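*Asks:* Any chance you could fold what I've pasted below:
(2 chains)
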Amino acid sequence: MDDLDWLEAESIYILRETYSRIDRIAMLWSLGKDSNVMIWLARKAFLGRVPFPVMHLDTGLEFPETYAFRDRYVREWNLDLIADACPPIEEIDPTLPPNSRLAARKTAGLKQALAKYGFGGIIAGIRRDEQATRAKERVFSPRRSDGEWDFRDQPPEFWNLYNAEFPPGTHVRVHPLLHWTELDIWRYIRRESIPVVPLYFASNGKRFRSLGEIGITFPIDSNARDIDAIVAELETIRTPERAGRAMDHDSEDAFERLRVAGYM
Amino acid sequence: MSAISIKDARAADRRAFPIVIVGHVDHGKSTLVGRLLHDTDSLPDGKLEQLRAVSEKRNLAFEWSFVLDALQVERDQGITVDVTQIWFRTAQRRYVIIDAPGHKEFLKNMVTGASRAHGAVLVVDGKLGVSEQTRRHAYLLHLLGVAQVAVAVNKMDLVDHDQHRFAEVEGEIAAYLNEIGIRPRAVVPVSARHGDNIATRSTAMPWYGGPTLTQALDGLARRLSPIDAPLCLPVQDVYRLDDRRVIVGRIESGQVSVGDAVRLSPTGRRARVASIEAWNRHEPRRTAGAGDSVALALDEDVFAQRGHLLTSQDSAPVASHAVAVRVFWFDETPLHAGRRLRARYGTANVDVTAAAIEQVIDVETLASGPATQVERNGVAEIVLRSTQPFYLDTFADNPRSGRGVLVSDYKVVGGFIVERVLQRSSRSVVAVQASVARAEREKRNGHRGAVLWLTGLSGSGKSTIANGVLRRLFDEGWQVQILDGDNVRDGLNADLGFTREDRAENLRRTAHVARLMAESGVIVLAALISPYARDRAEARQIIGEDFHEVYVRADIDLCRQRDPKGLYRLAASGEVTAFTGVSAPYEAPVQADIVLDTTAEAAARSIEALVAFVEERCSLGRHDRHGGWGAVLT
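*Replies:* Take a look at the predicted model:
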């Protein structure tokens, strides 16, 4: 097994644990590179089909290329898609900095979906290397009924003996990509030929390294026009992946506040 | 096999080497990690400047530990709350470091980090020397099987880089580690704050000729995948693929190839591997080994479920009802003998009793002595007992199948490794005792006892079919009874509602009743919606081979039309909540023993089909029922 085989096997194990042990699960499909890898791993885990709904928390503010991607692959991959609109900005905590407030619409959309569909588990494609706050996560991470994350009192995780059962009223965030890095993701996309939104590839000297909504996501300077070039770029790059995501930079603790309140 | 091992060894270097940094609080772990990142040139551009700016804004002197203490609360409280994982690279290889905190109450977080680690750095304050948590952390490394350890004797600048002080601390920690069987790869004098002997050799300690910390790390060996050990594959689940069932799981040890003869425990069923299924592969897999997540199709359609263990035929696991384990206990409530817990190992989940506390180990002195309880964060040797069989090895024989966790009230309250397997099951004795009484009953009845578990939506026809079969079999002289979901809920389970937990408990109790009846020779027709696959699997586990799953399949629209109890109408209006098929899920069986499709078939035909099924599976022959020789029971 090489390093990608190892990561793949571990993620498949986590996805199968989730499916066996948690009632009513859904996978978050942000349409970004990581969540496409996650869907790919689910098809591997379940031998071709994804046996639970995938959920796009739709703010109406994605790039046109992103919507085109969604509409194409929901059919090609035969996905059971939930794409309810997130609550409008007026309903979001006005004390949050402006960009974070936009991002918090997704949290509100997730809470709305949890209440509507009664999901016991949500599979999300976050990675430890993305952001320091995410580095604190567990693979199976319980959330109180209000969606809040109590990072001070997280359950221990021994070896691969995950705890997936929690008291009634708790829901679980499952993170099958937690131990992947950005570079692992691109090398796996290359190996498996996984489709991604074309905005990741450079045009006119710019490309998106992390994909979010219009207005709060910005491209980086890059000439990487294909996956090989992206892999080469990442092997030397020294800036953080989420540098182009405005809500991370509103204030020093903005992203932490978002996550404690239930953001992915 | 050798080809895989060589490839594995080559590929291993591309995988980040996971290490954990442990040691007493304030001995400088976070500082060491921050410095390590900086000195190996592994920080993102701008990170250091950003943190320096934040420190200035807050009027704090910059500390290297700020690099890791990225959460605001941590900086406010001045302690690292939890495990973080950060990547760095030496000339040799990539590393992922898990900054394990030293605060005593955060021990469960340290374990979380260390149980993923292949190696560890134990940080000891050169001025203060070995402290309580130094020993406790070292002891936990030993319990978790992390044997590759480098020691950093930190803060050498505070003792004037004194060679003799270093030798004292080195002697103290080496003595302790040796006693618990850890041979440190190196003991390095460092000053994390100033970067001495981290990645570059210190000029302040010319008397030291050993490796720097990064050189010591590069000398740690990766834990090998146990590919040469016997095959151990805990069954995670069983999926239906086209018309076949496939067994899925992650191989803990050993390897498996197409054509291999395998065995399932506890059923003892044997089969050969027909194929290793995978999606989106160019060529079919012939072999898989430790670490692989696989999907196996067998040449025979043998029954399997989560919690079973797949091994090779010649290395069947030993069943036992008691194991002596070394436990590390996390719960606020101390552990007393007699406490009931759940043990989880592999994919098994077993009710256990902490039968005895043999001895509690003082990690300071390593002395062990008798005790009546295990305190929080304590280590002890205890005996776990269960009525269900354990399939555990000793940790020394096979670490992957010799360890587990203890769960109580949804919380992981401890971890354990197996020291000794006690009380092997002598199943032949049990079988003879049980089968004598039962065989006699069955001979008299002319049929075996069995449970026909009818599952399906409300209104699918379960009760109608069960009653039809009851009448037919009774008239033919069979011992037969109905266990109807609604009736059971009237009495035995009157205290239960329709939440997820209550539904599970309802089925668990009903399954135990059905089992008692089947053991007394009766054909039990259990008609319950039983919407969750997991609950039905538990019923099957309780009842054993007498369990036959009967899927009464009917279209939801048809059930809604029939609505014999008016419940769909109430569900639609919201008067009944959590109603299966409307506001709660129904997980259709993937491996039912018989499917009755009441959408297509009239009830009479379904009754015929089930009667025929029961006669085929349970009859001992018509003439036997009237006093002839009974068939040999298996």
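*Asks:* chain center to stretch B:546-562: distance?
*Replies:* Here stretch B:546-562 is found 33 Å from its chain centre; the criterion is CA atoms, centre = their mean, to the nearest Å.
*Asks:* Need the distance between the two termini of that stretch.
*Replies:* 32 Å (CA to CA, to the nearest Å).
*Asks:* buried set for that stretch?
*Replies:* B:546-554, B:556, B:559-560, B:562 (16 or more other CB atoms under 10 Å in any protein chain shown). C-betas here are computed from N, CA, C, even on glycine.
*Asks:* Tabulate the residues you listed in CSV, adding columns for secondary structure and distance to chain A.
*Replies:* CSV is the format used below for those (DSSP: H, G, I helix; E, B strand; the rest coil; distance: CB to the nearest CB, whole Å):
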residue, secondary structure, distance to chain A
B:546, helix, 24
B:547, strand, 19
B:548, strand, 22
B:549, strand, 17
B:550, strand, 23
B:551, strand, 18
B:552, strand, 21
B:553, strand, 18
B:554, coil, 22
B:556, helix, 17
B:559, helix, 21
B:560, helix, 20
B:562, helix, 26
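*Asks:* Out of those residues, which two are the most distant from each other?
*Replies:* Longest distance between any two of the buried residues of stretch B:546-562 is 33.8 Å, between B:546 and B:560; criterion CB to CB.
*Asks:* how much space between the residue in chain A sticking out farthest from the centre and residue A:221?
*Replies:* For chain A, the residue at maximal distance from the C-alpha centroid (CA atoms, centre = their mean) is residue A:204, at 27.5 Å. Noted for residue A:204: a distance of 10 Å to residue A:221, by CB to CB, to the nearest Å.
*Asks:* same check, this time on residue B:389
*Replies:* 63 Å.
*Asks:* who has more neighbours, those two?
*Replies:* residue B:389 (18 against 8; other CB atoms under 10 Å in any protein chain shown).
*Asks:* Apart from its neighbours in sequence, what residue is nearest that one?
*Replies:* residue B:319 (3.8 Å; CB to CB, 6 or more residues apart in numbering or on different chains).
*Asks:* Tell me the secondary structure at the closest residue to residue B:391 other than its chain neighbours.
*Replies:* In this structure, residue B:391 finds its nearest non-sequential neighbour in residue B:317, 4.2 Å apart by CB to CB, 6+ apart. What DSSP: H, G, I helix; E, B strand; the rest coil gives for residue B:317 is coil.
*Asks:* What's the per-residue pLDDT of residue B:317 here?
*Replies:* Note for residue B:317: predicted pLDDT of 82.
*Asks:* give the contact list for residue A:109.
*Replies:* A:57-59, A:84-87 (CB atoms under 8 Å, 6 or more residues apart in numbering or on different chains).
*Asks:* redo that, cut-off 6 Å
*Replies:* Taking CB atoms under 6 Å, 6 or more residues apart in numbering or on different chains as the criterion, residue A:109 is in contact with A:57, A:86.
*Asks:* ok, now residue B:346?
*Replies:* residue B:234.
*Asks:* Could you report the distance from it to residue B:415?
*Replies:* Applying CB to CB to residue B:346 and residue B:415 gives a distance of 14 Å.
*Asks:* cool, and residue A:6?
*Replies:* Distance from residue A:6 to residue B:415, by CB to CB: 23 Å.
*Asks:* Between these two, point out the one with more neighbours.
*Replies:* A direct count of neighbours by other CB under 10 Å for residue A:6 and residue B:415 places residue B:415 higher, at 25 against 19.
*Asks:* What's opposite that one in the beta bridge?
*Replies:* For residue B:415, the beta-bridge partners under DSSP bridges are residue B:328, residue B:405.
*Asks:* Which helix or strand contains residue A:14?
*Replies:* Using DSSP states H and E, residue A:14 sits in helix A:3-21.
*Asks:* Any residue of that helix touching chain B?
*Replies:* Yes: counting by CB under 6 Å from any CB of the partner chain, contacts between helix A:3-21 and chain B involve A:3, A:9, A:12-13, A:16, A:20.
*Asks:* Can you spell out which helices and strands pack onto that helix?
*Replies:* Judged by 3 or more CB pairs under 6 Å, 6 or more residues apart in numbering or on different chains; DSSP states H and E, helix A:3-21 is in contact with helix A:33-45, strand B:293-298.
*Asks:* Contact partners for the residue of the stretch 151-300 of chain B found nearest chain A?
*Replies:* Chain A sits closest to residue B:293 of the stretch 151-300 of chain B, with a gap of 3.9 Å, by CB to the nearest CB. Going by CB under 6 Å, 6+ apart, residue B:293 touches A:9, A:12-13, B:250.
*Asks:* Just give me the closest of the residues you listed to residue B:287.
*Replies:* Checking the contacts of residue B:293 one by one against residue B:287 (CB to CB), the nearest turns out to be residue A:9, at 14.2 Å.
*Asks:* so residue B:413 sits in a strand?
*Replies:* Yes: using three-state DSSP, the assignment for residue B:413 is a strand.
*Asks:* Skip the chain neighbours and tell me the closest residue to it.
*Replies:* residue B:331 (3.9 Å).
*Asks:* From residue B:390, how far out is that neighbour?
*Replies:* Counting by CB to CB - residue B:331 and residue B:390 are separated by 22 Å.
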